[in-house]
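Q: any chance you can model this:
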Amino acid sequence: MEQQTAAVENRSFVDRRNSGTNTGGAGFERRQFRDGNRSSRPEVTEFAEAVDEYKVTHRRRFITFEELFDVMTGLGYHK
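A: Numbers count the residues shown, from 1 in each chain. Next up is the predicted model:
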């Protein structure tokens, strides 16, 4: 009986990875830094938007610390 139930459940499995709901286009990008207006500091908002722009441009969900440093230097940071 349990084997029959498992067989029915396996046939009803839907692989959502290829269903077209997550196309990866600009309208459906997951963001790591900017998620609303959490900061009242404009420089923090500018940084978060620059990171998001980098991720969209380079088609990356997560970036390395070296890429993060590149974003910072692109905004004018220098030691």
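Q: what residues are up against Ala50?
A: Counting by C-beta atoms under 8 Å, 6 or more residues apart in numbering, Ala50 makes contact with 71, 74-75. Placement of C-beta: from N, CA and C, glycine included.
Q: out of those residues, flag the one nearest to Arg60.
A: Nearest to Arg60 among those, counting by C-beta to C-beta, is Val71 at 11.2 Å.
Q: quick one: what helix or strand has that closest one in it?
A: Per DSSP states H and E, Val71 falls inside helix 65-74.
Q: only the buried residues of that helix, if you could.
A: Buried residues in helix 65-74, counted by 16 or more other C-beta atoms under 10 Å: Val71.
Q: coming back round to it: between the contacts of Ala50, which is nearest Pro42?
A: In terms of C-beta to C-beta, no member of the contacts of Ala50 lies closer to Pro42 than Leu75, at 12.1 Å.
Q: wait, that closest one touches Ala48, no?
A: No. Leu75 lies out of contact with Ala48 (C-beta atoms under 8 Å); the separation is 11.0 Å.
Q: and those two? which has more neighbours close in?
A: Set Leu75 next to Ala48 and count neighbours by other C-beta atoms under 10 Å: Ala48 wins out with 17 against 13.
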